[in-house]
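**Q** task: produce atomic coordinates for the following.
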Amino acid sequence: MNFVRDHRAKSLSFFCTDPRAAEVDLDLVHFLLEQSEENGNCNARICLHTSPEANFHEMIILERKGYYFPPHKHAGKGQSCHIIAGEAACFVFDETGKVTHCRILGQKGNILFRVGDEQYHMILPLTGYAVYHEAKPGPFLPVGDSIFAEWAPKREETEAVASYLDELRAIAVA
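**A** Okay, here's the model as predicted:
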């Protein structure tokens, strides 16, 4: 594979070494699963762009059920998510934390969801893991790329997070 691990990243991440030859197949999905399992069942991503400074970012992301990346938005940026494996709920929130949109992505229904510029959003795997393609403008900004919602629980608030995820799952399956 034409990927190299990014040891500077906060999560298990790989970058494409030749963007002219980046392709996604089931072997790539299996590679992500293996890497996740070998590293304690963590989330993992493969960046199809060559660096955080790229003007356009495309990533294949494996996200595990129960992982919490808080609702957030990106200054001047939107993003698209296209499901590859598993099921996930895509949420969009207003400025007060009210869910304005929730769509289930999976092979039996919606397969792509776009979040507009500067909208709070969150992806919640509903199966053991979800693999999806995420596309959004770059570059990645080390500070301020993700603007986290003040109204959402912080990652370290484990009881509040568990309750919040239960609430969101209930909305997703309603």
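
**Q** what bridges to the closest residue to Lys65 other than its chain neighbours?
**A** Computed as Cβ to Cβ, 6 or more residues apart in numbering, the closest residue to Lys65 that is not its neighbour in sequence is Pro125, at 4.4 Å. (C-beta placed from N, C-alpha, C; glycine too.) The partner list for Pro125 in beta bridges (DSSP bridges) reads Ala88.

**Q** from Val131, how far off is Pro125?
**A** 9 Å (Cβ to Cβ, to the nearest Å).

**Q** for the chain, which helix is longest?
**A** helix 158-173 (DSSP state H).

**Q** quick one: contacts of that one?
**A** 66, 68, 89, 91, 99, 102, 104, 122, 124, 126, 152-155 (Cβ atoms under 8 Å, 6 or more residues apart in numbering).

**Q** okay if I get the residues you listed as CSV plus neighbour count?
**A** Listed next are the contacts of helix 158-173 as CSV, based on neighbours: other Cβ atoms under 10 Å:
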residue, neighbour count
Gly66, 13
Tyr68, 17
Ala89, 22
Phe91, 21
Val99, 17
Cys102, 18
Ile104, 17
Met122, 23
Leu124, 23
Leu126, 16
Ala152, 19
Pro153, 18
Lys154, 12
Arg155, 13
